[in-house]
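Just to be clear, the model below is a prediction. Sequence and coordinates:
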Amino acid sequence: MVHDIEHDDLLKAVKEEDYDDLEDLCQQIRDFMIDKVSRTGGHLASNLGAVELTVALHRVYNSPEDKIIFDVGHQAYVHKIITGRADRFDTLRQYKGLSGFPKSYESEHDAYDTGHSSTSIGAAAGYAVARDLRGGHEQVVAVIGDGSMTGGLVYEALNNIGSRHLNVKIVLNDNEMSIAKNVGALSSHLTKLRISDNYLKAKNAVKATLHTIPVLGNRISGNISNTKERIKFSILGDQAVFFEELGIKYIGPIDGSDLEMLTEAFTAANSIDGPTIVHVTTRKGMGYPFAEKYPRKFHGVGPFDKITGEVLAKSDAPSFSKVFGTKLNEMARDDDSIVAITAAMGTATGLGAFYKEHTDRFFDVGIAEQVAVVFAAGLAKGGMTPVCAIYSSFLQRAYDQIVEDVCLQGLHVIFAVDRAGLVGADGETHHGVFDLSYLGSVPGMEILCPADGNQLEEMLEYAVHKCSGPVAIRYPRGSSEGDHLRIKAFTGNNIQLTTGKDVTLLAVGAMLDPCLEAASLLRGRGIDVGVWNVGRVKPFVNSWKDLDTRLVVTAEDNVYSGGFGERFTAENYQEKYDIMCVSVPDEFVEQGTIAQLRAQCGMDAEHIAEGVMKRLEGKA
């Protein structure tokens, strides 16, 4: 059967059609996603692997009454297509368009907004308790990938669910772990037994009957239970034992491409009164050869040619991440104390070359940012120079460890804070616009903000060789080349590029180019403009009291509260010059290109220049 993916009622189709027709639908959904994502970019490989899984979920569960919570959410494209948003997929991850992650404002079928890892099971537990307290009957399902299972939040949530015997269903989408061959056949056989309605009914009936036998009934039941436990430990393997010891029933592993088996497994899970995990094995990139062969490349990919698999609009300029990784690798050749730490983002943070050349000094702790920071603290205590590379929005998760384990002890840990500022298409959950605030609030933390790749290299050298305490170097996503000419070498101080009697722009890091462009626009209006490259945000090493200018403008890609502008204002509000602050507004910024978002936030050259003119004319 051929479906009109953008207009048919796919939710109705997945519940009513036979399995042969659903197999056709799955292939059509795959073709649809490949076509759309090739134009917009997005998370492709994980979604291609989760097609049958998602179809089976919607066949068994009744969304939106039943709550389906996708961990992280980058595997929720199929869910969005099935729940009536396929006609908007041309706008996926575009400005004012469809989000790449679940958003409750988009659809009632998105039960919980996600974007960061390892939160789904804890959220599902909260949903389940709320349901039970109000006497509801809906199912609550958490869908989580094997990568997210490395996050510590997961185990805290599993413990909570098991100890409270909450009726939560967990679907483990396992697209990386291998199942041991020696237990595969037995596991498959036991799975068929366990998902059989007759088996489950018989098991419950025997248990109920035994308890009615006077004196001996409970003893026989207990002996049977003990025997069952011994069989479980000897046959089922580590996956089942781990979960069942937490009080969570285990079903699996299930072939994630077998719609009928998936449906039976989810149906069986619903017949169990209590927490249950269904372990599903899927294949990243399934149905698209390039994504199957290069799943990392097609995990998060820009627009590409779907015929050749080649990414379009490649930039020859190295990214900040690439510059960071290359420089750190070079430095590690001459300094055996340098070690690199990441939280499941080794390649993305530019550490691929470091891993290959210095394997014994590269540490990927999984999706566990808190552990990464504590681990770095221990390494520093042990005499090493740890460089911890984590995205800005993910480093937020380790704030307590930054305070208590690193800064309180004054340890020489260097934080390479990648994806700082507005990041673009991933939107609200991924913008790194709080790091200047949360890092700047901690005593002893030094914060550096490079304007380009050359300055990033200089700051890395400075942080490793000239500093003795904690240092954060925060830099944006994308090209490390700026429109500005090569600025003076960074030696620890901020750099005055030009002076201006009317206005002085203090440009933090990546805001240098917008400020230089704004300066050019203002000079065209007869305004005398000066510009500073603010590469060192904390501590202040320059005295701003002697600036001979009417207006000082601070510009940063961070929120105002706790940022450079607020700190500058607090220190200099009594000076003779006026102060104006340009920053990310006090709101969660949506997705879009960097240019679109800067314009929306009033952070592009045109808005900065216009704001300056109004301020000088007394209109703002």
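The structure has been received and is ready for your questions. Numbers count the residues shown, from 1 in each chain.

Same question for T504, what's its three-state structure.
With DSSP: H, G, I helix; E, B strand; the rest coil as the basis, T504 sits in strand.

Quick check, it in contact with V552.
Yes - when contacts are counted by Cβ atoms under 8 Å, T504 is listed as touching V552 (5.2 Å). Quick note: C-beta positions are derived from backbone N, CA and C, even for glycine.

what is in contact with these two at once?
Counting by Cβ atoms under 8 Å, 6 or more residues apart in numbering, the shared contacts of T504 and V552 are Y577.

and the strand with the most length in the chain, how far out from the chain's middle?
Scanning the chain for the strand with the most residues, using DSSP state E, yields strand 551-559. Computed by Cα atoms, centre = their mean, to the nearest Å, the separation of strand 551-559 from the middle of its chain amounts to 27 Å.

Next SSE downstream of it?
helix 564-572 (DSSP states H and E).

Okay, buried residues for the very next helix or strand once past that following helix please.
Per DSSP H and E, the first helix or strand lying C-terminal to helix 564-572 is strand 578-584. By 16 or more other Cβ atoms under 10 Å, the buried positions in strand 578-584 come out as 579-584.

for those, which one is nearest S479?
V584 (20.5 Å; Cβ to Cβ).

The longest strand of the chain pairs with which strands?
Applying DSSP bridges, strand 551-559 is found paired with strand 503-508 (parallel), strand 578-584 (parallel).

Columns mean pLDDT on top of the ones you listed, output as a markdown table?
Converted to a markdown table, the strands paired with strand 551-559 look like this (pLDDT from 0 to 100):
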| stretch | mean pLDDT |
| --- | --- |
| strand 503-508 | 98 |
| strand 578-584 | 97 |
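
I'd like those strands as TSV, with distance to V339 appended.
Output for the strands paired with strand 551-559, formatted as TSV (distance: least, Cβ to Cβ, whole Å):
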stretch	distance to V339
strand 503-508	29
strand 578-584	33
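
Columns distance to L22 on top of the buried residues of strand 578-584, output as JSON lines?
Conversion of the buried residues of strand 578-584 to JSON lines gives the following (distance: Cβ to Cβ, whole Å):
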{"residue": "I579", "distance to L22": "63"}
{"residue": "M580", "distance to L22": "59"}
{"residue": "C581", "distance to L22": "56"}
{"residue": "V582", "distance to L22": "53"}
{"residue": "S583", "distance to L22": "50"}
{"residue": "V584", "distance to L22": "45"}
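
closest to V559 among the residues you listed?
So of the buried residues of strand 578-584, ranked by how close each gets to V559 (Cβ to Cβ), first place is V584, at 4.9 Å.

What spatial separation is found between that closest one and V553?
15 Å (Cβ to Cβ, to the nearest Å).

before we move on, back to that, I'd like the average pLDDT over the longest strand of the chain.
Mean pLDDT, computed over strand 551-559, is 98.

Pull out the CA atoms of that strand and give them to me as CSV.
Provided in CSV are the C-alpha atoms of strand 551-559 (Å, rounded to 0.1, in the frame of the first residue of the first chain):
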residue,chain,number,x,y,z
LEU,A,551,29.3,55.5,25.7
VAL,A,552,30.6,52.0,26.4
VAL,A,553,28.8,49.1,24.8
THR,A,554,29.5,45.5,26.0
ALA,A,555,28.6,42.7,23.6
GLU,A,556,28.5,39.1,24.5
ASP,A,557,26.8,35.9,23.3
ASN,A,558,25.6,35.1,26.8
VAL,A,559,22.6,36.2,28.9
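
Hey, what's the angle from that strand to helix 564-572? Just curious.
In terms of direction (axes from the mean of the first three to the mean of the last three Cα atoms, to 10 degrees), strand 551-559 departs from helix 564-572 by 140 degrees.

Tell me which of the strands paired with strand 551-559 approaches H299 most closely.
strand 578-584 (27.2 Å).

Give me the average confidence score over the very next helix or strand once past that closest one.
Note on strand 578-584: by DSSP H and E, the next helix or strand toward the C-terminus is helix 594-600. Mean pLDDT, helix 594-600: 96.

what comes into contact with helix 594-600?
95, 422-424, 478, 514, 589-590, 592, 604, 606-607.

Pull the residues that contact whatever helix or strand comes next after that helix.
Later in the chain than helix 594-600, the nearest helix or strand by DSSP H and E is helix 605-616. Defining contact as Cβ under 8 Å, 6+ apart, one finds that helix 605-616 is touched by 502-503, 505, 514-515, 517-518, 520-522, 525, 527, 550-551, 553, 555, 578, 580, 582, 599, 602, 620.

Now for this protein, the helix or strand with the poorest mean pLDDT.
Sorted by mean pLDDT, DSSP states H and E, the helices and strands of the chain end with helix 181-194, the least confident at a mean of 43.

How is this structure divided into domains?
10-180+237-290, 320-474, 495-616 (automatic domain parsing).

Relative to the whole chain's centre, how far out is the longest one?
Domain 10-180+237-290 has its C-alpha centroid displaced from the chain centroid by 17 Å (Cα atoms, centre = their mean).

buried ones in the longest helix along the chain?
Across the chain, the longest stretch assigned as helix under DSSP state H is helix 19-40. Within helix 19-40, the residues that qualify as buried are 22-23, 25-26, 28-30, 32-34, 36-38, 40, counting by 16+ other Cβ under 10 Å.
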